[in-house]
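Enquirer: take this sequence and fold it.
(chains A and B)
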Amino acid sequence: MKKYLPEQIIKKYSNSWVAISDKDNEVITHGNDILEVEKKLKKIGKKADVITFILPVNHFYAP
Amino acid sequence: MPPKKSEEFNYTPRIVIGNDEKVLKIVDYPILRVRIKYKHTLTSTPVECLVDSGSVINLFPASWGVLLKIPIKSGQLQKIYGIGGVSIESYRHDVHFYIIDSKINFRTYAYFSEKQNTPLLGRYGFFDMFKNVSFNQDRGSFTLTK
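Expert: Numbering: from 1, shown residues only, chains lettered A, B, ... in the order given. This next block holds a predicted model:
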């Protein structure tokens, strides 16, 4: 089973895109869309394991 | 060595926070990490995509395509009707998928929309690239079979 994204991250970054490091399970940077997150990663010279969208608080996903 | 015919992926658990700021539920999602390539440009960081049998097509946020310098609105227009009875515009482009933690990669197509957030892997362009896509609730995993 994969690790959970911690509760604090879900709360803090709800409704935004985040770049995550799997090793530390921490957010490297965040933004309003994938493009913004990638630009910020490039600017700070860091690599993330994944970029994902955090759903707003009290929301399930039902596309 | 030829690629494995079947590859199994664990569900990705996500905490859902309620309005009272307490954990409401933990939901397991069938999520894949995907990199996409357009022409000769490959995205550097994988993005989490939801494997969604309810979506007819692959539907991605426009910003992912802009990152690859895809001229979004030059693609074939397709209106998408979804939950809440909302219709959105999307544009088709050919891309190449690379699924992380696997040997699976293939050329396909996806629709990009400024109104879409979570990337969806749907029936045409994803599911139809496999002989079988199965979900196993007991194991907490899903399997893609070529």
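
Enquirer: from here on, just use CA atoms for contacts and neighbour counts.
Expert: Will do.

Enquirer: using the three-state scheme, assign the residue lying farthest from the centre of chain B.
Expert: Within chain B, the residue lying farthest from the chain centre (CA atoms, centre = their mean) is residue B:20, at 31.0 Å. The three-state label given to residue B:20 by DSSP: H, G, I helix; E, B strand; the rest coil is coil.

Enquirer: and it, its phi and psi?
Expert: Note on residue B:20: backbone dihedrals following degrees, to the nearest 10 are phi -80, psi 10.

Enquirer: with the one 3 residues further on instead?
Expert: When read as degrees, to the nearest 10, the backbone of residue B:23 gives phi -70, psi 120.

Enquirer: tell me the contacts of it?
Expert: By CA atoms under 8 Å, 6 or more residues apart in numbering or on different chains, residue B:23 lies in contact with A:7, B:15, B:16, B:17.

Enquirer: inside strands: which ones of these?
Expert: B:15, B:16, B:17 (DSSP state E).

Enquirer: of these, just say which sits nearest to chain A.
Expert: The closest of the ones in strands among the contacts of residue B:23 to chain A turns out to be residue B:17 (CA to the nearest CA; 5.3 Å).

Enquirer: that closest one contacts residue A:60, doesn't it?
Expert: No: taking contacts as CA atoms under 8 Å, residue B:17 lies outside contact range of residue A:60: 9.6 Å.

Enquirer: quick one, which of the two is more surrounded?
Expert: Neighbours per residue, other CA atoms under 10 Å in any protein chain shown: of residue B:17 and residue A:60, the larger number sits with residue B:17, 23 against 14.

Enquirer: ok, now which ones touch residue B:95?
Expert: B:36, B:37, B:38, B:39, B:107, B:108, B:109, B:110.

Enquirer: can you classify it as helix, strand or coil?
Expert: Going by three-state DSSP: residue B:95 is strand.

Enquirer: report the beta-bridge partners for it.
Expert: residue B:108 (DSSP bridges).

Enquirer: okay, now residue B:57: neighbour count?
Expert: For residue B:57, the count of nearby residues is 21 (other CA under 10 Å).

Enquirer: do the same with residue B:106
Expert: Close neighbours of residue B:106, defined as other CA under 10 Å, add up to 15.

Enquirer: tell me the spacing between it and residue B:146.
Expert: To residue B:146, residue B:106 is 11 Å away according to CA to CA, to the nearest Å.

Enquirer: now do residue B:94
Expert: From residue B:94 to residue B:146 the distance is 20 Å (CA to CA).

Enquirer: which secondary element of chain A has the worst mean pLDDT?
Expert: Here the helix or strand of chain A ranked lowest by mean pLDDT, DSSP states H and E is helix A:7-12, holding a mean of 88.

Enquirer: does residue B:29 touch residue B:11 like I think?
Expert: Yes: using CA under 8 Å, residue B:29 makes contact with residue B:11 at a distance of 5.3 Å.

Enquirer: residue 33 - how many residues pack around it?
Expert: No chain was given, so I picked chain A. Neighbours of residue A:33 (other CA under 10 Å): 19.

Enquirer: wait, I meant chain B there
Expert: 19.
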